[in-house]
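Trainee: predicted model, plus sequence, below.
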Amino acid sequence: MAEAGTGYVQLGDSLSRTDGPLKVTGQALYAADHFVQGMLFGVVVNSTVARGRIARLLLDRARAVSGVRDILTHENRPRTRSMDIFYKDMTAPGGSPFKPLYSDAILYSGQPIALVLADTFEAAREASQLVQVEYDTEPHATDLRAEVHRAHEPKGFKAGYVPPPKPKGDADAAFVAAPVKIDASYYSGAEHHNPMEMHATTVVRGDEGHLTIYDKTQGSQNSRWVVSRVFGLGKDKVTVKNPFVGGAFGSGLRPQYNLILAVMASLHTECSVRVVLTRQQMFTFGHRPETTQRVRLAADSDGRLRSIIHEAVAETSRLEDYVEVVVNWSGQLYRSDNVRLEYKLVDLDRFSPIDMRAPGAAHGVHAIEVAMDELAHALKMDPLALRLRNYAEFDPTTDLPHSTKELKACYAQGAERFGWSRRTLEPRSMRDGNELIGWGMATGVWDAMQMFARARAVLHPDGHLEVSSAASDIGTGTYTVMAQIAAAALGLPLEHVTFKLGDSTLPVAPIEGGSSHVATVGSAVEGVCEKLQKTLFKMARGLKGSPLAKARFADVEFVRGALRLKGVAGAHVPLATVLASMSAPLEEKYLMLPHMLKQRKYSRATHSAVFCEVRVDEELGTVRVTRVVSAIAAGRIISAKTARSQIYGGVVWGISQALHEEAHSDNTLGRFMNHSFAEYHIPVQADIHDIDVIFVDEDDRIVSRLGAKGVGEIGQVGVAAAICNAIFHATGKRIRSTPMTPDKVMQLSDASQQTDAPYSPPHS
């Protein structure tokens, strides 16, 4: 396998990141690293109540701090447009987007209500702590389970959301009539994005008021779009850059309030401004929504599913109906003639939830996969055998064939690698000393998405290739993969290729999200390189004495710095010879549009099978995840090393979802209480043990011309369910809420197994 910078590469090679040296040497500049002379520093002041109005702002003590230039509030902010449409970004759900400092209304606890601007960060921080606010408070509601009776159908949609399909058959009657059935409720608390890089915006004010904005975002063009529309600035007046992003996981899909506040401050003061959120303030915008679900499964005595009913209620804000696909997966994964799926929302006095790695699937697939394990136990059947018994060759919700589906291979290869055949059927039957051992498994599924993108390529006479698109690299390896695609296409050494991204002035690219960047931007890169190939081929064929003079383009391959006639030894033209005939760089542009007419004939998804081992000390309530085998079918793997790293990260997050991660709300105060790493628990190195990743062979030319799908989300989906199922196998106790913390492991008794979070969601 080739390593980065060592020469010629092929698709599928395991490459080190091309941007790695810049990051480990500190040369990579993130949003808060840019500095210009005379810059002002902004520190946000947040509300301490959940609902009401600002009665009075007392700012004199704050203004008296040496170095303070101004304090922006709703009373003195610069003019912004008022209509909702101007605040809607490219991923906004239905409703009215939040408008920072727009009025005196308090909509949630933690809402930004002032921005202190000073010559130094220290002065701004000191002054921010001296801002005093008097409120007229109003009653608030932040408890989802207490408000579930108010659940309503979603009133709006957003990109990527598909409503549940209409009921099939009579699921309720079939459930009643079936001999074996499971009726269980599941609860998942709110989770907050906590990437290493906090959200930050640096606005550099240039000539004639041009704003160059360095923003923590997953889409530079999305941020530029919002800034231009909110402030009425022409496209030529705003450039947004995000060349390096220190993790995002969905938190950067929508522009966060630091962006609007920083631009406000720059326009107000006519200075460059930097605004950086603190770790605590990272808990004051969107999060993965709190969700409660009820799953009912019914089967014949041989395990064939007769009924699937999956109902979910999730939180949203008072402003917007944030939606995500939670229940649809239950209808897609398994065959049944009777299916009813329902998804509703409860509006609370919180910020609108936002997408978080594998949105919807992280919770929805968890519920159906734990329920399937419960059904397998009731049937006294192996959990893997139950899934194979109900395997769906076609998508049951649409009756469409899959573009590719190698889930059976995932089951087989994952089970073999894990040693699943040695699993005992009965719970509490495996022990090592004072630890109970459990083996669990689950299925994973995620959409295989493709959007549209443009790419530009410039090939210089010296053999250096520069490819560009306004893509983002949020730690997923975009720099590396795109350079690899281009280098492989033209037969160039990797070090001769530069991929430029993270700039709103570059050719259009979608926001990096939904595991779609390789299938989308990667296809655009290959497309623009193919146009270069054709131009170079014509030039090579026209050279005097060319062995390609009578060749067709389809007969030629670009390999190791040459244009070579396939299967004919010695029939080649060195690329350097072709380049020597050039008087100027070659430039090509390419627009990648999905083949929607072809794609709509298929169901497109990635799949996985997750197997895990846990060791449980019941006396202490501790759970250790000692082994995970994740078998992934995600199309053609373009860069094996970066893809494997993505699955590792997803598995770690699945462990976090299962055992650690939850934001606790004091509903009397209406605020999240554990808003720091000291109290919001995430895994550390000691929590992570053996993770084994298998990539099952798959090549999907329906999803993308590369044959690739995406791996960003699929690595997490199903992991928490596999851990839950393993805990049950170890202890005989079922925990139906996440995270599965030591207190739940210790306190759970047979009498409490029916549900951890009882509720009866309203349904039509």
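Mentor: Perfect, thanks for sending it.
Trainee: Y648 contacts V711, doesn't it?
Mentor: No. Here Y648 does not reach V711: they are 10.5 Å apart, not a contact under CB atoms under 8 Å. In this view, the C-beta of every residue, glycine as well, is placed from N, C-alpha and C.
Trainee: the more surrounded of these two?
Mentor: More crowded of Y648 and V711, by other CB atoms under 10 Å: V711, with 30 against 16.
Trainee: so who does the more buried one touch?
Mentor: V711 sits next to 515, 606, 632, 634, 637, 643, 646-647, 650 when contact means CB atoms under 8 Å, 6 or more residues apart in numbering.
Trainee: how about 10 Å then?
Mentor: Contact partners of V711, counting by CB atoms under 10 Å, 6 or more residues apart in numbering, are 446, 476-477, 515, 518, 606, 608, 632, 634-635, 637-639, 642-647, 649-650, 693, 695.
Trainee: please, a ChimeraX command that selects the buried ones among those?
Mentor: To isolate the buried members of those in ChimeraX, using 16 or more other CB atoms under 10 Å:
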select :446,476,477,515,518,606,608,632,634,635,637,638,639,642,643,644,645,646,647,649,650,693,695
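Trainee: overlap in contacts, Y648 and V711.
Mentor: Here Y648 and V711 share the contacting residues V693, scored by CB under 10 Å, 6+ apart.
Trainee: just checking, L669 touches T48?
Mentor: Yes. Here L669 lies in contact with T48, judged by CB atoms under 10 Å, at a distance of 8.5 Å.
Trainee: so what's in contact with these two at the same time?
Mentor: Both L669 and T48 are in contact with S109, where contact means CB under 10 Å, 6+ apart.
Trainee: domains of this structure?
Mentor: Taking automatic domain parsing as the reference, the chain has its domains at 402-447+603-750, 451-593.
Trainee: minimum distance to V9: which of the ones you listed has it?
Mentor: Closest to V9 of those, according to CB to CB: domain 451-593, at 5.0 Å.
Trainee: distance between the ends of that closest one?
Mentor: Using CA to CA, to the nearest Å, the end-to-end distance of domain 451-593 comes to 7 Å.
Trainee: 743 is where my numbering starts, stick with that
Mentor: Yep, numbering from 743; the last one is domain 1193-1335 now.
Trainee: next one: it to chain centre, how far?
Mentor: 28 Å (CA atoms, centre = their mean, to the nearest Å).
Trainee: now swap in stretch 935-944 and tell me
Mentor: 15 Å.
Trainee: which parts of it are buried?
Mentor: Counting neighbours by 16+ other CB under 10 Å, one finds that the buried residues in stretch 935-944 are 935-937, 939-944.
Trainee: report the two of those residues separated the most.
Mentor: So, the buried residues of stretch 935-944 by CB to CB: farthest apart are N936 and T944, at 21.3 Å.
Trainee: name all residues that make contact with the closest residue to V1018 other than its chain neighbours.
Mentor: Distances taken as CB to CB, 6 or more residues apart in numbering put A942 closest to V1018, at 4.1 Å, once the chain neighbours are dropped. By CB under 10 Å, 6+ apart, the contact set of A942 is 772-776, 956-958, 988, 998, 1000-1001, 1004, 1016-1019.
Trainee: and A1376, by the same measure?
Mentor: 1146, 1148, 1188, 1190, 1257, 1260-1261, 1347-1350, 1385, 1388-1389, 1437-1438, 1440, 1442, 1445, 1450-1457.
Trainee: check D1063 too.
Mentor: D1063 neighbours (CB under 10 Å, 6+ apart): 835-837, 894-900, 903, 1087, 1089, 1094.
Trainee: try R1060
Mentor: 793, 837-838, 849-850, 882-883, 1089-1092, 1094.
Trainee: ok, and the most crowded of those residues?
Mentor: Highest neighbour count within those, by other CB under 10 Å: R1092, with 29 neighbours.
Trainee: pretty sure it contacts F1025?
Mentor: No. Between R1092 and F1025 there is no contact under CB under 10 Å: 11.0 Å.
Trainee: so for those two, which residues contact both of them?
Mentor: Counting by CB under 10 Å, 6+ apart, the shared contacts of R1092 and F1025 are 852, 932, 1413-1414.
Trainee: farthest-apart pair in the residues you listed, please.
Mentor: Pairwise over these, using CB to CB, the maximum falls at G852 and A932, 12.8 Å.
Trainee: give me the common contacts of the two.
Mentor: By CB under 10 Å, 6+ apart, the residues touching both G852 and A932 are 1025, 1092, 1414.
Trainee: between these, which is nearest D802?
Mentor: F1025 (29.4 Å).
Trainee: count of neighbours near the closest one?
Mentor: 24.
Trainee: show me what contacts it?
Mentor: For F1025, the contacting residues are 788, 852, 932, 934-936, 1019, 1093, 1405, 1413-1418, 1422, by CB under 10 Å, 6+ apart.
Trainee: if any of those residues are buried, put those into a PyMOL selection.
Mentor: In PyMOL, this line selects whichever of the contacts of F1025 come out buried by 16+ other CB under 10 Å:
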select buried, resi 788+852+932+934+935+936+1019+1093+1405+1413+1414+1416+1417+1422
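Trainee: in strands only, show me the contacts of F1025.
Mentor: 788, 1413-1414 (DSSP state E).
Trainee: looking at these, which is nearest F863?
Mentor: N788 (17.0 Å).
Trainee: the closest one contacts Q853, correct?
Mentor: Yes. Using CB under 10 Å, N788 is in contact with Q853, at 6.4 Å.
Trainee: what sits in contact with each of the two?
Mentor: Taking CB under 10 Å, 6+ apart as the criterion, N788 and Q853 both touch 999, 1026.
Trainee: lowest-confidence one in the contacts of F1025?
Mentor: Least confident by pLDDT among the contacts of F1025: that is N936, with 92.
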